[in-house]
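Model the structure of this input:
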Amino acid sequence: MHTTIIITFGLILLALMLFIGEEIGFSRQTLTYSFVVLWFALTLINGAVGMVSAGQPFSTELVVGSAVFGVPVAAMVLFMVLSAET
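Predicted structure coming up:
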């Protein structure tokens with residue numbers, strides 16, 4: 001359940017960054033690079049907390065962290081590809 005919540009948070013963060021960033025006037029390229037760096041850092045922090053406080057092994061956190069990082073980034077790539085065609 002925790003993984004689903006974190007992935008949902010990532011998708012919400014992506015939507016907010018793209019919407020607010022474009023309203024402010026940032027380019028999509030800047031927003032995408034910023035999101036990837038920010039989301040990678042947050043994924044690493046989430047994995048470290050899981051290892052330290054929950055006692056999860058590194059291999060488990062690596063697999064779950066890949067999914068947590070990958071789903072919002074894949075959604076971002078899909079959005080960029082679909083919005084570039086219009």
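
Which elements pack onto the helix or strand harbouring Gly21?
Gly21 is located in helix 2-24, with elements delineated by DSSP states H and E. In terms of contacts (3 or more Cβ pairs under 8 Å, 6 or more residues apart in numbering; DSSP states H and E), helix 2-24 is packed against helix 28-53, helix 58-84. Where you see a C-beta, it was placed from the backbone N, CA and C, and this is true even at glycine.

Would you mind listing the buried residues in that helix?
By neighbour count with 16 or more other Cβ atoms under 10 Å, helix 2-24 contains the buried residues 6-7, 10, 14, 17-18, 21.

Return the member of these nearest to Val49.
For Val49, the closest of the buried residues of helix 2-24 turns out to be Ile6, at 10.7 Å, with distances computed as Cβ to Cβ.

these two touch, right, the closest one and Asn46?
Yes - with contact defined as Cβ atoms under 8 Å, Ile6 reaches Asn46; the gap is 6.0 Å.

what is in contact with those two at once?
Val68 (Cβ atoms under 8 Å, 6 or more residues apart in numbering).

How far off centre is stretch 48-55?
Here the centre of stretch 48-55 is set off from its chain's centre by 19 Å, with Cα atoms, centre = their mean, to the nearest Å.

Low-confidence regions, the chain specifically.
Under the criterion of pLDDT under 70, the regions of the chain flagged as low confidence span 85-86.
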